[in-house]
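**Q** From the sequence below, what's the structure:
(chains A and B)
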Number of protein chains: 2
Amino acid sequence: MKNYKPKKRLPTQAYIDGILRGDRVILSRAITIIESNLESDKKLAKEIVQEILPNSGKSIRIGITGVPGVGKSTFIEVFGLYLVKQGHKVAILSIDPSSQRSKGSILGDKTRMEELSVLQEAYIRPSASGDTLGGVSNKTGETMLLCEAAGYDVILIETVGVGQSETAVHGMTDFFLLLMLAGAGDELQGIKKGIMEMADMVVINKADGDNITMSNLAKRQYQNALHIFPASESGWTPVASTASAIKNIGISKVWDEILKFKKLVDENGYFIKNRNHQQIKWMYNNINEELKQLFYGSNNIKNELSTLEKDIVTAKISPVKAAQQIIDQFKKSF
Amino acid sequence: MKNYKPKKRLPTQAYIDGILRGDRVILSRAITIIESNLESDKKLAKEIVQEILPNSGKSIRIGITGVPGVGKSTFIEVFGLYLVKQGHKVAILSIDPSSQRSKGSILGDKTRMEELSVLQEAYIRPSASGDTLGGVSNKTGETMLLCEAAGYDVILIETVGVGQSETAVHGMTDFFLLLMLAGAGDELQGIKKGIMEMADMVVINKADGDNITMSNLAKRQYQNALHIFPASESGWTPVASTASAIKNIGISKVWDEILKFKKLVDENGYFIKNRNHQQIKWMYNNINEELKQLFYGSNNIKNELSTLEKDIVTAKISPVKAAQQIIDQFKKSF
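**A** Numbers count the residues shown, from 1 in each chain, chains lettered A, B, ... in the order given. As a prediction, the model looks like this:
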């Protein structure tokens, strides 16, 4: 434990009132409480989330991913500015369970979004830290609820397209946007399997100058690839388009597609169905993680597992028998 | 419980000796014990698996999937006959956790493979039944080990490309083959998201007669789509090809690709690495399933979850709080 002294906390109701009237300072302080690992803060955070819950949910939640170098920060800034001009209030969050930030720009340098960060209609919050993806997901998810209660009606959740956090972001958003670069093939190596299948839209960024022809080709390739995928339960056929965030080209097209998507899923009932499903799944994910923690958190179990792994690889014990043996041991420990 | 009287069981050693000398009758009886839900049989099954374990593993394990109507049974029969002609001993298993067999022909009608089923070099075993995918996976996985110990050096594991069992099959095989039909698009609707990304090879079946042009087109489309996927950890680039099982066309090409794959992964070390990884994951899957069973198996928990789901959807409680509440309740119950 670091020698860390928390700021003085306000009464619970002060946070709730502040959030509901859109007070950004109070919102930030409430999010800090959500991100805190102090037991007293955890309790307070639960109370705040519980109280603002009926006021959450009134937004479109957009997940944005792409490998480092794809221009995610610039795209998000330009997209955010566009949304603010359209009259929206935009909250930009990120999810990144890795402590090393070297891999990408998960809003690590908030000041890079210079224009956006000064606007009252935009709220930018870098990634919470944590040991587990589940823990970070909870924090980002609850932060999202708070932002919604504070009146932000478009939530952008950024992640780096190289790990497991995409599934987490996909599981808490309505629309999933994948940023790519032209010259497909090598660039794709960094994108994990399965991420492309989650995409509702693929945007080929940096489609400007000499890169336009390649980008249009890439767009067609992705469009074909996306068409060959199985249909999504949402009824939406994923689309591909080109954009240049830096030149401010193709940005409105992205929002237009999101609005088309929203109209479709509002009409066919998928929007609310998916939201309910996501909320319930959120509970189950937490339950399952806690159950694993009960088991894998034990040092005896850890040592035994390490031995069993070796015995399995050398065919000394079958995987099924190994599992039963250690579960029996666990049950006896209660 | 049905009024079911098991056959008299042999001494454990009789099963082990029989399997190791390739006795098909003993092998079948041992598999029946693996599939049995009687406690005494479960114990016996564990002993058998444990003893043959050092003799298992010496095969190439091939997963085969595709939606109903793709011609899977015919393909497997023709492919199996080809492999036997090449001097191999082929075991054909299936995994299918659904009790209704209406969806596909998971070897349900063994006699449909008329030519193959009479050969001594081929062993066909329909799907084990069970309530959970995990349970069925265990049974198919242990059956596979027994077949290997009995000298079968090519294992084909069939599944229907419509559910979750593909991930299970993918997790227990070295090579994953997806059967498709030309006229892509509609046919694909039946294939679950994510399955195509697992494929090491896509075979467009029924590429004969009027269907040849369409099949070649489909092959090219899949080839393009597969290329656009992220590279697999195996270092293998998935391939697409056409075949007509009924006309016996394109079958050797499938085996040639599998051999190429095998050579590659033997040389780059992925084969053994992946096998070890799969074995260890098998244990963890079992552990995690048992942990869930401990929790979700309780009727109190079930009732409480049902209430919490409703409260979450109506925003009465947050998913994180709901999870903690029920986990606390679970801990107290010990």
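**Q** what stretches of chain A score poorly on pLDDT?
**A** A:1-7, A:97-112, A:161-163, A:184-193, A:334 (pLDDT under 70).
**Q** centroid residue for it?
**A** Geometric centre of chain A, nearest residue: residue A:169, 3.0 Å, by Cα atoms, centre = their mean.
**Q** Residue A:156 is in contact with that one, correct?
**A** No. At 10.3 Å, residue A:169 does not count as touching residue A:156 under the criterion of Cβ atoms under 8 Å. (Glycine included, C-beta is placed from N, CA and C.)
**Q** so where do the strands sit in the stretch 51-200 of chain A?
**A** A:60-66, A:90-94, A:122-124, A:154-160, A:175-181 (DSSP state E, counting those that start in this stretch).
**Q** Name the residues of the stretch 1-150 of chain A found near chain B, please.
**A** A:46, A:49-50, A:53-54, A:56-57, A:138, A:141-142, A:145 (Cβ under 8 Å from any Cβ of the partner chain).
**Q** Show me which pair in the residues you listed is furthest apart.
**A** A:54 and A:138 (19.5 Å; Cβ to Cβ).
**Q** Settle it for me: which of these two has more neighbours?
**A** Taking other Cβ atoms under 10 Å in any protein chain shown, residue A:54 and residue A:138 do not tie; residue A:138 has more neighbours (25 against 11).
**Q** Okay, domains of chain A per the record?
**A** A:1-55, A:56-268, A:298-332 (automatic domain parsing).
**Q** To residue B:160, which of those domains lies closest?
**A** domain A:56-268 (14.5 Å).
**Q** Just send the domains of chain A back as CSV, with distance to residue B:85 too.
**A** Shown next, in CSV, are the domains of chain A (distance: least, Cβ to Cβ, whole Å):
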stretch, distance to residue B:85
domain A:1-55, 64
domain A:56-268, 34
domain A:298-332, 31
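**Q** for those domains, which one ends up most surrounded?
**A** domain A:56-268 (a mean of 20; mean count of other Cβ atoms under 10 Å in any protein chain shown).
**Q** Pull up the distance across that domain, start to finish.
**A** With Cα to Cα, to the nearest Å as the measure, domain A:56-268 spans 22 Å from end to end.
**Q** go on, stretch A:198-206?
**A** Using Cα to Cα, the two ends of stretch A:198-206 sit 22 Å apart.
**Q** Show residues contacting it.
**A** A:66, A:70-71, A:75, A:166-167, A:170, A:175-182, A:196, A:215, A:218-219, A:222, A:226, A:232, A:234, A:236, A:238-246, A:250, A:254, A:257-258, A:261 (Cβ atoms under 8 Å, 6 or more residues apart in numbering or on different chains).
**Q** and if you look at stretch A:278-294?
**A** A:132, A:134, A:137-138, A:141, A:171-172, B:288, B:291-292, B:294-295, B:308-309, B:312-313, B:319-320, B:322-324, B:326-327, B:331.
**Q** Could you identify the longest helix within chain A?
**A** Taking DSSP state H as the criterion, chain A has its longest helix at helix A:270-296.
**Q** now that one and helix B:270-296, what's the angle there?
**A** Interaxial angle of helix A:270-296 relative to helix B:270-296 (axes from the mean of the first three to the mean of the last three Cα atoms, to 10 degrees): 100 degrees.
**Q** what comes up buried for helix A:270-296?
**A** A:270-271, A:274-275, A:278-280, A:282-292, A:294-295 (16 or more other Cβ atoms under 10 Å in any protein chain shown).
**Q** Just the helices from the stretch 151-300 of chain A, written as ranges.
**A** Taking DSSP state H, counting those that start in this stretch to define them, one finds helices in the stretch 151-300 of chain A at A:165-170, A:195-198, A:212-228, A:251-267, A:270-296, A:299-313.
**Q** want to throw the ones you listed into TSV with distance to residue A:125?
**A** Shown next, in TSV, are the helices of the stretch 151-300 of chain A (distance: least, Cβ to Cβ, whole Å):
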stretch	distance to residue A:125
helix A:165-170	15
helix A:195-198	23
helix A:212-228	31
helix A:251-267	21
helix A:270-296	19
helix A:299-313	35
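**Q** So which of these is nearest residue A:113?
**A** Closest among the helices of the stretch 151-300 of chain A, once you apply Cβ to Cβ, is helix A:251-267, at 14.6 Å.
**Q** so how far is chain B from residue A:123?
**A** 21 Å (Cβ to the nearest Cβ, to the nearest Å).
**Q** Can you tell me who that residue pairs with across the strands?
**A** residue A:91 (DSSP bridges).
**Q** secondary structure class for residue A:330?
**A** helix (DSSP: H, G, I helix; E, B strand; the rest coil).
**Q** In contact with it, which residues are there?
**A** A:295, A:298, A:301.
**Q** try 7 Å this time
**A** Counting by Cβ atoms under 7 Å, 6 or more residues apart in numbering or on different chains, residue A:330 makes contact with A:295, A:301.
**Q** out of the domains of chain A, nearest to residue B:120?
**A** The minimum distance between residue B:120 and those falls on domain A:298-332, with 27.5 Å, by Cβ to Cβ.
**Q** Just the terminal-to-terminal distance for that closest one.
**A** 13 Å.
**Q** Need the distance between the two termini of stretch A:291-300.
**A** Note: stretch A:291-300 ends 16 Å apart using Cα to Cα.
**Q** gap between residue A:227 and residue A:141?
**A** Residue A:227 sits at a distance of 32 Å from residue A:141 (criterion: Cβ to Cβ, to the nearest Å).
**Q** Ignore what I typed, I meant residue A:231.
**A** Taking Cβ to Cβ as the measure, residue A:231 falls 27 Å from residue A:141.
**Q** Repeat that for residue A:94.
**A** 12 Å.
**Q** got a list of what residue A:271 touches?
**A** Residue A:271 touches A:174, A:265, counting by Cβ under 7 Å, 6+ apart.
**Q** re earlier: in helices, which of the residues of the stretch 1-150 of chain A next to chain B appear?
**A** A:46, A:49-50, A:138, A:141-142, A:145.
**Q** Now residue A:206. Its backbone dihedrals?
**A** Main-chain dihedrals, residue A:206, degrees, to the nearest 10: phi 60, psi 30.
**Q** Next one: it from residue B:179, what distance?
**A** 39 Å.
**Q** and if you look at residue A:156?
**A** Distance, residue A:156 to residue B:179, using Cβ to Cβ: 40 Å.
**Q** Ok, residue A:119 next?
**A** Distance, residue A:119 to residue B:179, by Cβ to Cβ: 54 Å.
**Q** Could you do residue A:51 as well?
**A** 54 Å.
**Q** What of residue A:84?
**A** Residue A:84 is 50 Å from residue B:179, by Cβ to Cβ.
**Q** ok, now residue A:19?
**A** 54 Å.
**Q** Could you do residue A:149 as well?
**A** Between residue A:149 and residue B:179 the computed distance is 50 Å (Cβ to Cβ).
**Q** Over to residue A:213?
**A** For residue A:213, the distance to residue B:179 - Cβ to Cβ - is 37 Å.
**Q** can you check residue A:212 too?
**A** On the measure of Cβ to Cβ, residue A:212 and residue B:179 end up 39 Å apart.
**Q** and if you look at residue A:140?
**A** Separation of residue A:140 from residue B:179 (Cβ to Cβ) stands at 40 Å.
**Q** Next, the angle helix A:251-267 makes with the longest helix of chain A.
**A** Using the same axes, to 10 degrees: helix A:270-296 against helix A:251-267 is 90 degrees.
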